[in-house]
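Peer 1: Pasted the sequence and its predicted model underneath.
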Amino acid sequence: TMIRLAEQNNKICAITAAMSTGTGLDGFGEKFPDRFFDVGIAEGHALTFAAGLAAHGMRPVCALYSTFLQRAVDQMIHDIALQNLPVTVAIDRAGLVGEDGATHQGAFDFSYLRFIPNFTIMAPADENELQHMLATSLTLSGPVAIRYPRGSGTGIALDAELQPLPVGKGEIKREGKDVFIVAIGNTVYPALEAAQLLASSNISCGVANMRFLKPFDDRLILSLLDSAKRLVVIEENSVLGGLNSAVSELLVGRDVKILKIGLPDSFIEHGHPSILREKYGLTSKKIAEQIRQWMKQGVESTQWKAERR
């Protein structure tokens with residue numbers, strides 16, 4: 001997709017920090033050697049360099065791993081966001097990375113990005129949505145962050161034509177009357193599968209794909225309350241500061257019950273992502289199990305903690 005977009009716009013360039021293979025930019029570098037920059041293990045410099053290019057009319061896409069982006073929060077704030085520069089930060093390895101070790105888990109990016117003014121924050125449900133988000137980011141006049149997990153996609157067909165998405169707007173993927181799951185990024189498909197499992201228990205479960213963490217689709221969340229008074233919020237990020245926090249802040253004082261599902265307030269250990277998702281309640285079966293238990297107990301608000309597994 002990057003190559004395709006760069007063929008149409010000679011202002012598009014790519015930057016990485018000693019991760020050209022890991023981020024999949026090798027092909028771009030071969031195709032456009034004059035528009036590809038590997039700055040070495042220097043994430044802060046990568047973003048400052050991107051800011052400089054953007055200030056001079058280029059459209060840089062800076063691809064970094066979530067865990068290493070933490071080193072460059074200062075540059076995101078002062079060099080990019082404060083100037084409101086059109087830099088796209090492609091956040092690879094977001095969420096559970098697993099076998100690279102505890103240091104590589106991408107558990108915090110939603111949380112530390114959400115407080116930065118001017119940033120638009122997106123997370124695709126699949127590779128098709130990702131390509132549309134990338135195209136969308138390059139039409140915007142300010143900074144954008146797109147977070148996505150490690151590994152191959154879902155295998156879904158890719159649209160031939162790239163269309164900009166309506167910024168700050170989510171979508172209803174499935175209607176429901178008893179409970180609504182609010183999901184984002186790679187939690188959308190497990191949420192849909194969980195809703196199907198719940199249907200066999202006569203629980204009508206809807207699913208919303210938020211797409212954007214910022215701007216946040218307040219109207220969509222509030223509209224869900226017309227159908228159900230129970231919301232389940234799911235993200236592969238710490239439950240502190242990300243999607244769960246955004247929903248909770250919006251609904252303070254309202255008559256709604258919320259179940260929070262996400263990564264706990266602790267460091268995530270080494271392990272295969274499938275094992276970790278099972279442990280932290282992020283698989284479709286675990287999601288359905290938690291919702292059944294929650295609805296049976298009638299608990300107003302809860303969090304599925306790792307130590308309870």
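Peer 2: All right, it came through fine.
Peer 1: Start and end of stretch 160-179, how far apart?
Peer 2: 35 Å (CA to CA, to the nearest Å).
Peer 1: What lies in contact with it?
Peer 2: Residues outside stretch 160-179 that contact it (CB atoms under 8 Å, 6 or more residues apart in numbering): 1, 4-5, 120, 122, 131-133, 135-136, 139-140, 188, 191-192, 195, 198, 203-212, 214-217, 220, 227-228, 230-232, 291, 295. (Glycine included, C-beta is placed from N, CA and C.)
Peer 1: Ok, stretch 40-52 next?
Peer 2: By CB under 8 Å, 6+ apart, the residues outside stretch 40-52 that reach it are 15-18, 37, 39, 60, 62, 64, 68-69, 71-72, 74-76, 79-80, 83, 85, 87, 89.
Peer 1: Tell me the buried residues in that stretch?
Peer 2: Of all the residues in stretch 40-52, those buried under the rule 16 or more other CB atoms under 10 Å are Glu43, Gly44, Ala46, Leu47, Thr48, Phe49, Ala50, Ala51.
Peer 1: Return the member of those residues nearest to Gln105.
Peer 2: Nearest to Gln105, judged by CB to CB, of these is Glu43 at 16.6 Å.
Peer 1: pLDDT at the residue lying closest to the closest one once chain neighbours are set aside, what is it?
Peer 2: What sits nearest to Glu43 in space, not counting adjacent residues and going by CB to CB, 6 or more residues apart in numbering, is Ala72, at 4.3 Å. For Ala72, the pLDDT comes out at 97.
Peer 1: and if you look at Gly24?
Peer 2: Note for Gly24: predicted pLDDT of 91.
Peer 1: again with Thr1
Peer 2: pLDDT recorded at Thr1 is 89.
Peer 1: Roughly how far does it sit from Gly170?
Peer 2: Distance of Thr1 to Gly170, computed by CB to CB, to the nearest Å: 22 Å.
Peer 1: Could you do Asn244 as well?
Peer 2: The gap separating Asn244 from Gly170 is 15 Å, by CB to CB.
Peer 1: now Leu251
Peer 2: Counting by CB to CB - Leu251 and Gly170 are separated by 15 Å.
Peer 1: Tell me the secondary structure of the residue nearest to Glu43, please.
Peer 2: When classified by DSSP: H, G, I helix; E, B strand; the rest coil, Ala72 comes out as helix.
Peer 1: Count the neighbours of it for me.
Peer 2: For Ala72, the neighbour count with other CB atoms under 10 Å is 22.
Peer 1: what residues are up against it?
Peer 2: Glu43, Gly44, Ala46, Leu47, Leu64.
Peer 1: what's the answer for Gly101, then?
Peer 2: Counting by CB under 8 Å, 6+ apart, Gly101 has contacts His270.
Peer 1: again with Leu220
Peer 2: With contact set as CB under 8 Å, 6+ apart, Leu220 has these partners: Lys169, Gly170, Glu171, Ile172, Ala208, Met210.
Peer 1: Show me where the stretch 51-200 of the chain has its helices.
Peer 2: 66-69, 73-75, 109-114, 127-137, 188-199 (DSSP state H, counting those that start in this stretch).
Peer 1: how about these in a markdown table, adding distance to Lys177 and mean neighbour count?
Peer 2: Conversion of the helices of the stretch 51-200 of the chain to a markdown table gives the following (distance: least, CB to CB, whole Å; neighbours: other CB atoms under 10 Å):
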| stretch | distance to Lys177 | mean neighbour count |
| --- | --- | --- |
| helix 66-69 | 36 | 25 |
| helix 73-75 | 42 | 16 |
| helix 109-114 | 29 | 24 |
| helix 127-137 | 26 | 21 |
| helix 188-199 | 11 | 21 |
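Peer 1: Dump those helices into a markdown table; add distance to Lys279 as well.
Peer 2: Shown next, in a markdown table, are the helices of the stretch 51-200 of the chain (distance: least, CB to CB, whole Å):
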| stretch | distance to Lys279 |
| --- | --- |
| helix 66-69 | 19 |
| helix 73-75 | 28 |
| helix 109-114 | 20 |
| helix 127-137 | 26 |
| helix 188-199 | 14 |
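Peer 1: wait, doesn't Ile287 sit right on Arg277?
Peer 2: No. Here Ile287 does not reach Arg277: they are 9.9 Å apart, not a contact under CB atoms under 8 Å.
Peer 1: Pull up the overlap in contacts between those two.
Peer 2: Joint contacts of Ile287 and Arg277 (CB under 8 Å, 6+ apart) are Pro190.
Peer 1: That's all I had, so thanks and see you.
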